[in-house]
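Participant: How does the following fold in three dimensions:
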Amino acid sequence: MPADILDRLRAADIVADAGEAPPFSDTALRIVELRAKPKRRIRRVVPLAVTATAALAASLAIVTGSSDNHRTAPFGVLQAAAATAGSSSADGLFSGYVKDTRIQIDAVEDVAAQTSLLRETIRPVSPTEYEARMDGHEGHPATTERRPYGTLYTGPLPTGGHPAPAPTSAVEVRAAIASWAAAQPPAGGDTGVAELLQDAYSRTDGTQLALGYAELVLTAPRVAPEVRAAVYDALRTVPGVEIDAHATDPAGRPAAALISESHHGPTGTRHELLIDPQTSRVLGSRDEFTVAVGANAHRPANEPPYGTGSQQTTYRYDY
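Facilitator: Numbers count the residues shown, from 1 in each chain. Presented below is the predicted three-dimensional model:
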């Protein structure tokens, strides 16, 4: 550790108090609720749904292998989704949804495999408000909040927090996606949304950040049709987005996959945002985390092992 950091730690004179640390499940839930994606780091990430002690011994990698099954064309998928979204078709409109997420962390060395199941329910409770319920795992208590329509749901709000407004114009959302594609938070954007996106994705991967922001907007209930259409149109200009027009979502439904792949050393991730161009709805997402062969055997001494895993999310529009 550099001497200047050690000097600052000594100067801080940190003394442990009698208070207990919050349960790790609280932290895990906060990370997952963001769009249900593990917090990414260049080398490793604390796995979800494990204890804080176990977290010191293992980490979830962010890898992805390349695939010949997807392609940059046809971008007609995005054109079709934009046309449907902008038509104000009843198929594309919704007031809520049920979102189920399954996170699987594979066993590695002395760390056991872990599985987490999470459910997020958005349902209308009045002409102007929806109720957001987050059900955790392992007995974690559910959280329920009321939010006004016209806001993005990014999980339970901290004390004193305010819901982030959804974009209200095509110009605004186009500018936001262009900014995220450049790995930069939009000027004047909500700082809470920016922090959550940057925590959930690689801060330098503009493709993943743009797809993550797009998912937030496209799953916000009652967003204006022209805004939803502009999201899909703007994604056509995001570098690195590849499209598989013949994919399926985790529930087996036909879907088009908007794919982003990134690599960081021996680790990386393959992320898929799964959409239905005929209704312009997001059907789900899929992440696969892998590690290069031999990476753990040759990692630096005293470093926790790289891990593999997956994450799958489905949306059902029951409202």
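Participant: which is the next helix or strand following the helix or strand hosting T121?
Facilitator: Assigning secondary structure by DSSP states H and E places T121 in strand 114-124. With elements assigned by DSSP H and E, the helix or strand that comes after strand 114-124 is strand 129-135.
Participant: Show me which parts of that following strand are buried, residue by residue.
Facilitator: Using 16 or more other C-beta atoms under 10 Å as the burial criterion, the residues of strand 129-135 that qualify are Y130, A132, M134, D135. For the C-beta atoms, the positions are set from N, CA and C on the backbone; glycine is no exception.
Participant: who does that strand pair up with?
Facilitator: The pairing partners recorded for strand 129-135 under DSSP bridges are strand 114-124 (antiparallel), strand 143-148 (antiparallel).
Participant: Quick check: which ranges of the stretch 51-200 of the chain have low pLDDT?
Facilitator: For the stretch 51-200 of the chain, residues meeting the criterion pLDDT under 70 lie at 51-75, 88-92, 137-140.
Participant: Look up how far E215 lies from A200.
Facilitator: Note on A200: its distance to E215, by C-beta to C-beta, to the nearest Å, is 10 Å.
Participant: the more surrounded of those two?
Facilitator: Comparing A200 with E215 by other C-beta atoms under 10 Å, the one with more neighbours is E215, at 24 against 21.
Participant: Could you report the separation of the more buried one from E242?
Facilitator: Noted for E215: a distance of 16 Å to E242, by C-beta to C-beta.
Participant: just P250 next, same as before
Facilitator: 19 Å.
Participant: More neighbours: which of the two?
Facilitator: For P250 and E242, the more surrounded residue by other C-beta under 10 Å is P250, and the numbers stand at 20 against 17.
Participant: Just say helix, strand or coil for the more buried one.
Facilitator: Following DSSP: H, G, I helix; E, B strand; the rest coil, P250 is assigned to coil.
Participant: Could you pull up the residues touching it?
Facilitator: Taking C-beta atoms under 8 Å, 6 or more residues apart in numbering, we find P250 in contact with R102, G284, R286, Q312, T313, T314.
Participant: now, which of those sits nearest A80?
Facilitator: A80 has its nearest neighbour among the contacts of P250 in G284, at 18.4 Å by C-beta to C-beta.
Participant: Could you measure from that closest one over to D100?
Facilitator: Distance, G284 to D100, using C-beta to C-beta: 9 Å.
Participant: Need the residues touching each of those two.
Facilitator: What both G284 and D100 touch, as defined by C-beta under 8 Å, 6+ apart, is the set T313, T314.
Participant: the helices in the chain, which residues?
Facilitator: Using DSSP state H, the helices of the chain run over 3-12, 24-33, 52-55, 76-86, 170-181, 191-200, 206-218, 225-235.
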